[in-house]
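**Q** A structural model of the following input is requested.
(one chain, ligands or ions: 1)
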Amino acid sequence: MSGRYAPSPTGDLHLGNLRTALLAAVVARWSGRRFVIRMEDLDRVTSSREHESRQLADLAAIGVRSDPPDAPVVRQSDRFDLHRAAIAHLAERGLVYPCFCTRREIRAEIEAAASAPHVHLPDGAYPGTCRELSESERARRSAEGRRSALRLRADGEEITIVDRIAGEYRGVVDDVVLARADGVPSYNLAVVVDDAAQGVTQVVRGHDLLASTPRQVHLQRLLGLPTPEYWHVGLVLGPSGDRLAKRDGAVTLADLASAGVDGGAVRSALARSLGLTVPDMVGVDGFVAALASTFAPELVPAGPVSVDDVLP
Ligand code: GLU
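**A** Numbers count the residues shown, from 1 in each chain. Purely as a prediction, here's the structure:
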């Protein structure tokens, strides 16, 4: 049984990412689980090993490491075969269809059909354009040189989850992408397959992914995989009130170090912003264990916090 933090190695982690990672490590320790860091490097263009090692170093600087600390890094890019096997399994059951739509076409269709849904739909939920294409319509699109993604036939399934921080959340599952047009497995498919393969029974991540969770739970059920417990933690907001981003100034450990702020001060500030009691005289190695020893779920604020509350 494991908890995990699963960053995409596409740049330096910012305070919002680090805050979520710290909570993930603390909650895993508190609940007696192992903790693993998994690199979600599905996008081979934006991901790099350099980003990966900087992220691992920054996580270590706030006390977040895999158990055991020298465990080999698991990368999603090494597991495409496993992801494709899951897609093949769904395809055998007639649950997969090719989708030729471009992002722009999907956006136009969503705007044209805009009506207020009565339950949550994830942002950009697919309107089903290619779901009922005939074989000849598919062949015509392929002949036009259009490449196809693979989508799940979800039949508008509604899923309710009970999140440990956000509470009850109900969402409709759209026909989520399983593999992109370039053949790369999608985030939603890969995350479900990899969490199960790694024995992850606890997912702590940013609130922005709550809306995708019904899709993931639906995929788990179709694939016969267990559903982990979910903790979607409030985001850190930048000065404009939007979610924190690199353009918001000194928001990474490297930026803060150049401004004279050390890692110890940052990890204490992150812990405080999570409602946790910061231990005295504990070095980085004992930090997560010390926080876990006084942890209680109700301490964690459910809503977003401002970056000013997260800075030392
Ligand atoms: N890799 C995703 C991200 O960096 C997080 C995925 C997850 O925690 O499920 O946003």
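
**Q** Low-confidence stretches in the stretch 1-150 of the chain?
**A** Along the stretch 1-150 of the chain, the parts satisfying pLDDT under 70 run over 114-119.

**Q** how about the residues of it that lie near the ligand?
**A** Proximity of the stretch 1-150 of the chain to the ligand, by CB under 6 Å from any ligand atom, involves residues 6-8, 40. Yep, even glycine has a C-beta here, placed from its N, CA and C like the rest.

**Q** again with the stretch 151-300 of the chain
**A** 191, 205, 209.

**Q** taking these one by one, which sit in helices?
**A** Members of those lying in helices (criterion: DSSP state H): Val191.

**Q** Could you look up the SS state of the residue located most distally from the centre of the chain?
**A** The outermost residue of the chain, judged against the average C-alpha position, is Ser136 (37.4 Å), by CA atoms, centre = their mean. Following DSSP: H, G, I helix; E, B strand; the rest coil, the label given to Ser136 is helix.

**Q** who are the neighbours in contact with it?
**A** With contact set as CB atoms under 8 Å, 6 or more residues apart in numbering, Ser136 has no partners.

**Q** Would you check how far apart it and Leu150 are?
**A** The gap separating Ser136 from Leu150 is 19 Å, by CB to CB, to the nearest Å.

**Q** What does the closest residue in space to Ser77 that isn't next to it in sequence show for phi and psi?
**A** Counting by CB to CB, 6 or more residues apart in numbering, Asp41 is the residue found nearest to Ser77 once chain neighbours are left out, at 4.8 Å. Main-chain dihedrals, Asp41, degrees, to the nearest 10: phi -100, psi 40.

**Q** cool, and the one 10 residues further on?
**A** The phi/psi pair for His51 (degrees, to the nearest 10) reads phi -60, psi -40.

**Q** What of the one 4 residues further on?
**A** Listed backbone geometry of Gln55 is phi -60, psi -40, with angles given as degrees, to the nearest 10.

**Q** these two touch, right, it and Ser8?
**A** No - the pair Gln55 and Ser8 does not pass the contact test of CB atoms under 8 Å, sitting 9.1 Å apart.

**Q** ok, the residues of the stretch 151-300 of the chain next to the ligand vs the ligand, which is closest?
**A** Arg205 (3.6 Å; CB to the nearest ligand atom).

**Q** coming back round to it: the residue nearest to Ser77: how many residues sit nearby?
**A** Counted with other CB atoms under 10 Å, the neighbours of Asp41 add up to 21.

**Q** Return the residues in contact with it.
**A** The neighbourhood of Asp41, defined by CB under 8 Å, 6+ apart, consists of 8-9, 47, 52, 75-77.

**Q** In JSON lines: those residues, plus distance to Asp123 and secondary structure.
**A** Formatted as JSON lines, those follow (distance: CB to CB, whole Å; DSSP: H, G, I helix; E, B strand; the rest coil):
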{"residue": "Ser8", "distance to Asp123": "18", "secondary structure": "coil"}
{"residue": "Pro9", "distance to Asp123": "24", "secondary structure": "coil"}
{"residue": "Ser47", "distance to Asp123": "23", "secondary structure": "coil"}
{"residue": "Glu52", "distance to Asp123": "27", "secondary structure": "helix"}
{"residue": "Arg75", "distance to Asp123": "27", "secondary structure": "strand"}
{"residue": "Gln76", "distance to Asp123": "22", "secondary structure": "helix"}
{"residue": "Ser77", "distance to Asp123": "26", "secondary structure": "helix"}
